[in-house]
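Peer 1: Need coordinates for the following:
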Amino acid sequence: MSWRDAVPLALRMLLQKDSRVDPHLEILRLGVEHEDVAARDITVTLVLDGALVTGTVISTDTWERLYLRQLGDQDDTLRRIVRDAVGHLDSAADTGRRRREIDQRFLHLRDVTHQAGRTRHTLALWRGPIAAVGGWSLGRPDKD
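Peer 2: Residues are numbered from 1 along each chain as shown. Prediction:
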């Protein structure tokens, strides 16, 4: 589905009274999912259960590829399994075969900072339910 086809469908879904997803955040997520949109390097700060999660929004495909490679760094057996899985994913993308539908419940970030109170952690990747986001802003918070 093209970006032009996806936007009206997404807006109809998001503007329903019972939708729990912020339409503006969902449009950012949709933008990074489509290659024909130049939505790259968008940094957001999310509020989740009182903590701040800041990172760059990435597509599901990018998150899966980076996640599988991250798993491969854990041990030799897992590395072989992951290398196989990444190979299958890469070959499927190269041959243009259709992948499974994207799970729209999740938002994916890279280069993440998680801050709860004075405690701050950095993570390479983050995946979380978009419905759990209590608030958000573009960019990173100022350092204090």
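
Peer 1: CA atoms for contacts and neighbours, from now on please.
Peer 2: Will do.

Peer 1: In the chain, what residue spans correspond to helices?
Peer 2: In the chain, the helices defined using DSSP state H lie at 3-14, 23-33, 60-72, 76-94.

Peer 1: Return the member of those helices having the minimum mean pLDDT.
Peer 2: Here the lowest mean pLDDT among the helices of the chain goes to helix 3-14, at a mean of 64.

Peer 1: What are the phi and psi values at Asp41?
Peer 2: Main-chain dihedrals, Asp41, degrees, to the nearest 10: phi 60, psi 40.

Peer 1: Surely it and Gly55 touch.
Peer 2: No: here Asp41 lies out of contact with Gly55, judged by C-alpha atoms under 8 Å, at a distance of 9.3 Å.

Peer 1: These two: who's more crowded?
Peer 2: Using other C-alpha atoms under 10 Å as the criterion, Asp41 and Gly55 rank with Gly55 on top: 26 against 12.

Peer 1: distance of the closest residue to the more buried one other than its chain neighbours from Val44?
Peer 2: Counting by C-alpha to C-alpha, 6 or more residues apart in numbering, Gly55 lies nearest to Val112, which is 4.3 Å off, once chain neighbours are set aside. Between Val112 and Val44 the computed distance is 10 Å (C-alpha to C-alpha, to the nearest Å).
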